[in-house]
Structures are given as C-alpha cells and as structure tokens.
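Asks: Predicted model, plus sequence, below.
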Amino acid sequence: MSQIFAGVLSLLSVILTAKYLGPEIFGACSIALSLHIVFMSFADFGGCSWAGRELASGSISDSEFLHIKKSKGKLMLFPMLTSPIIYLLLPNDYFGVVLLCLYPLLWNNFNFVQHFLIAKGKYHHSAKLIVIERMCWLLIIPFSISNFDRVLSFTIPILSGLAVHAIIGDRYLKSFSKSEELDEPLTNRRIFGKSINFGLMSFFSVLNNLDGLIVASFAGILNSSSYILSQRFRNPMMLIFNSFSVRIRPLAARRDIKQIQEAFTQDISFLSLGVIGNLCFGLIAFFFHSKIFGSDFENLGIVILFSALTSICLGLASICTTILSSWGLDKQMARTSGMFSSTLLIGVAIGAFIGGSLGASLWVFVDSLTFVVLLIRKIFFASKDLI
C-alpha cells in the first residue's frame, strides 16, 4: 500500500508543478533534469545495481557495499560540474536550474540506500523512505510557488525530498549495517570492470531520457511539452512494478525458481493493481485533461493514455530485466537494452518529425511492447536451463 501511496503522491506533485509552470517552463526544466540524469549514469555506470546484487547474494559485505557507495559519491562530482554547461543552453531567467547540480549527489545516496535496504530484506523501511521523500516533495510545492519564481518551484521541491531521504537513509545504513575491516577495498577501476554490463544496461536505460530532448528538437519545447509531461509520469506509474522488481532481485540472485514463482503468485493482485491503475489514470487524463492541466498542452489526453500503456510495458520489462540480470545474463541484457534504446530514439525522432508529441508517444508504446515480448521470451528459455 505504501508503494501505491508513493505513486499517487508523485502523480499529484507532477500535476501541480506542470499546471503552475506551464508547458514551456516545465518542458525546459524537465529537459535539464534529464540531461543531469544522463551525465549521472556515466559516473555510477551500474555500480549501485551490481553492488546491490552482490550484497543480496552474500558475495560482498556491508562494509564493501558502503565503500562502493562512498567511491561512487566522489565520482558524482563530475555530473555536478555539468550544471553550468546545461544552464548556458537555457535563457537567462532559468538560473534556478543550476541548483540541479545537487541532484546527482542526492540521487546517488537515494539509490544506494534503497538497494541496501532491499538486499537486507528491509522492505518496509525502503517503502517508508520513498513515501516520506514524495510527501516532502508534494508539501513543499505550494511553499515554493508562494515564495519563489517558477524555475525554483520546479527544483527546490525535488531536491528537498531527496535531502530528507538522505538524512533518514544514512541513519538506516548505520543501524542495519555491520562494520568490518576491509583487507583490500575495491578501487573504482575494479568496480567499473565488474559492473560494466550493469553500466551498459543503466546507460541505455537512462539514454532513453533523451527522447524528450529529441522531440523538443523537432517540435519545439512548447509543442513537445505534452510528450515531456507524459514522460515525467512514467516513473510514478511504474512504481508498483519497480517495487516488485526490487523485491524479487534477492530471490533471482539466489536463482531459486520456486521462490520466484511463489513471489509472483503472492503478488499477482498487487501487479494487477498496477496495470488497472495505469489504465484508469490514462483514461481519466484522456477525458478530463483540460480540467486537470488546463488547455495549453497540445494532444495531452491521448499522449498520456499512450504513456500509461507504455508504463505497463516498461514496468513488466523492468521485472524481466531484473530477473535476467540477476541470473548472470547481464551481458545479453546490455546488448538487448542497447538495441531497444537505439530503436526507441530513432523512432521517436521520426515520430516527432511526422506527428509531434502524438507521433513520438505512439512509437514509444509500440517499441516498448516489442521489447517486453522479447524479454519474456528470454526468461522462458533461460528458466529451462535453471530447472
């Protein structure tokens, strides 16, 4: 239930922010955030996902995991320094975007804390932290709107929620981790070598965030704002699927087919709720988009409906990817993810050129549906080898 509540909070936060900022400012700020995420993926390059899998399987200790977290935190200085470059691409009145330089450091902490808690089986603490972070994000939006300009009203709530998560999350790390002496700490070079396939998967996944920039390049920020807004809805709408992915990762890392099947049986109603919730949100947005968001966003109803369908496909793909990579098929997954990203970005460019936000949204749905079908097929054949 906490994951559902967190998803609702995220949706409300994006709706309030988009309605207040308007299509142009919301689109520009979202593109700036996407660029930060792309630069951030270079610094982490799968280190967090790999460390989470190794901790869950018992291959590394708590101290080694925390050492990797600290090492990756230092590397986050690189994406932090890219903020001024992104700022130069925007008009002068977008100065508040520079605050997003703090996003990589805070998100790195968020990511490692969540992976640690899940690997340790602390699902309740993980979910509670996400709810607290989203609640802070939502509650600070009205304060930001009343006291700051529109750009700061975008950046400050996001950063505030992550900062609160970092403070409480570090307390959890100290409480649940066992301190041990490290004989030979892993260097960043060795971490990179071990996590390279996870890094490629992460990079290709994050590269998909550039789809909003591509649509904006062909249709302009104003005309692409509907697509960019629907893109911001994807993560909240995938939260239930991602929650199950995180829950199943330790089971998949132990390659226990029976426990994986039991987890699916126990949570089938939970996953079904994710599908139904996405469909309901897409239909509500389709029929009532002008009342919820205003009339400035072009073709927003049908674009969000396609985004809801896409979120279902990507959510199922997230579960499949987690299982396959935990089974040691991360090299194959990196290749498949690269293929998906290539076809997605090329198709988005063609779709945006022909039909703007609507054309891009249609292509992303078709490509995502094809991707998840391929992944389900891979799981079917890979599971036979484990039985």
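Replies: Nice, I can see it.

Asks: right, and residue 228 touches residue 28 too?
Replies: No - counting by Cβ atoms under 8 Å, residue 228 stays clear of residue 28, with 9.0 Å between them. Heads up, the C-betas are built off the backbone N, CA and C, glycines and all.

Asks: With neighbour numbers in mind, choose between the two.
Replies: residue 228 (26 against 23; other Cβ atoms under 10 Å).

Asks: buried residues in the strand or helix carrying residue 273?
Replies: Secondary structure assigned from DSSP states H and E places residue 273 in helix 257-293. Under the neighbour-count criterion of 16 or more other Cβ atoms under 10 Å, helix 257-293 has 260, 263, 267, 270-271, 274-275, 277-278, 281-282, 285-286, 289, 292-293 buried.

Asks: how close does the closest residue to residue 142 other than its chain neighbours get to residue 157?
Replies: Leaving aside its sequence neighbours, residue 142 sits nearest to residue 16 (Cβ to Cβ, 6 or more residues apart in numbering; 7.9 Å). Separation of residue 16 from residue 157 (Cβ to Cβ, to the nearest Å): 9 Å.

Asks: now the helices for the stretch 101-250 of the chain?
Replies: Ranges of helices in the stretch 101-250 of the chain, per DSSP state H, counting those that start in this stretch, are 103-119, 123-147, 150-176, 188-194, 196-207, 211-237, 239-253.

Asks: and the nearest residue to residue 164 once chain neighbours are set aside, how many neighbours?
Replies: In space, and not counting its chain neighbours, residue 164 is closest to residue 136: 4.8 Å by Cβ to Cβ, 6+ apart. The number of residues packed near residue 136 is 21, by other Cβ under 10 Å.

Asks: Hmm, residue 160 and residue 136 touching each other?
Replies: Yes - between residue 136 and residue 160 a contact is recorded at 5.5 Å, counting by Cβ under 8 Å.

Asks: Let me know the pLDDT of the residue nearest to residue 142.
Replies: Note on residue 16: pLDDT of 81.

Asks: if I pick it, what's in contact with it?
Replies: 138, 141-142 (Cβ atoms under 8 Å, 6 or more residues apart in numbering).

Asks: do residue 33 as well
Replies: Contacts of residue 33 (Cβ under 8 Å, 6+ apart): 100, 103, 158.

Asks: Could you find the lowest-pLDDT member of the residues you listed?
Replies: For those, the least confident entry is residue 100, with 79.

Asks: hang on, the earlier thing: dump the helices of the stretch 101-250 of the chain to a markdown table, plus distance to residue 359.
Replies: A markdown table is the format used below for the helices of the stretch 101-250 of the chain (distance: least, Cβ to Cβ, whole Å):
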| stretch | distance to residue 359 |
| --- | --- |
| helix 103-119 | 30 |
| helix 123-147 | 31 |
| helix 150-176 | 27 |
| helix 188-194 | 38 |
| helix 196-207 | 20 |
| helix 211-237 | 9 |
| helix 239-253 | 26 |
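
Asks: Residue 360: which of the ones you listed is closest?
Replies: Residue 360 lies closest to helix 211-237 among those, at 4.8 Å (Cβ to Cβ).

Asks: The closest one to helix 123-147, inter-axis angle?
Replies: Interaxial angle of helix 211-237 relative to helix 123-147 (axes from the mean of the first three to the mean of the last three Cα atoms, to 10 degrees): 120 degrees.

Asks: for the stretch 251-387 of the chain, what are the low-confidence residue spans?
Replies: For the stretch 251-387 of the chain, residues meeting the criterion pLDDT under 70 lie at 330, 385-387.

Asks: rerun that using 90 as the cut-off
Replies: 251-282, 284-304, 307-308, 310-361, 364, 367-368, 371-372, 374-387 (pLDDT under 90).

Asks: Mind telling me which residue is nearest the centre of this structure?
Replies: Centroid-nearest residue in the chain, with Cα atoms, centre = their mean: residue 235, separated by 5.5 Å.

Asks: which residue sits closest to it in space, ignoring its chain neighbours?
Replies: Once chain neighbours are set aside, the closest to residue 235 by Cβ to Cβ, 6+ apart is residue 10, at 7.0 Å.

Asks: The one you found contacts residue 242, correct?
Replies: No - between residue 10 and residue 242 there is no contact under Cβ under 8 Å: 11.6 Å.

Asks: Which residues are in contact with each of the two?
Replies: Joint contacts of residue 10 and residue 242 (Cβ under 8 Å, 6+ apart) are residue 235.

Asks: picking up where we left off before, got TSV for the contacts of residue 16, with distance to residue 365 and neighbour count too?
Replies: Conversion of these to TSV gives the following (distance: Cβ to Cβ, whole Å; neighbours: other Cβ atoms under 10 Å):
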residue	distance to residue 365	neighbour count
138	28	20
141	29	22
142	34	13
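
Asks: nearest to residue 369, of these?
Replies: For the contacts of residue 16, the nearest to residue 369 is residue 138 (31.6 Å; Cβ to Cβ).

Asks: List the residues that contact that closest one.
Replies: 9, 12-13, 16, 157.

Asks: Skipping adjacent residues, who's closest to it in space?
Replies: residue 13 (4.7 Å).

Asks: Now name the helix or strand holding the one you found.
Replies: Assigned by DSSP H and E, residue 13 belongs to helix 2-44.

Asks: can you give me the angle the next helix or strand after that helix makes with helix 196-207?
Replies: Per DSSP H and E, the first helix or strand lying C-terminal to helix 2-44 is helix 47-57. Orientation of helix 47-57 against helix 196-207 (the same axes, to 10 degrees) gives an angle of 130 degrees.

Asks: Just give me how far helix 47-57 sits from the chain centre.
Replies: The gap between where helix 47-57 is centred and where its chain is centred comes out at 17 Å by Cα atoms, centre = their mean, to the nearest Å.
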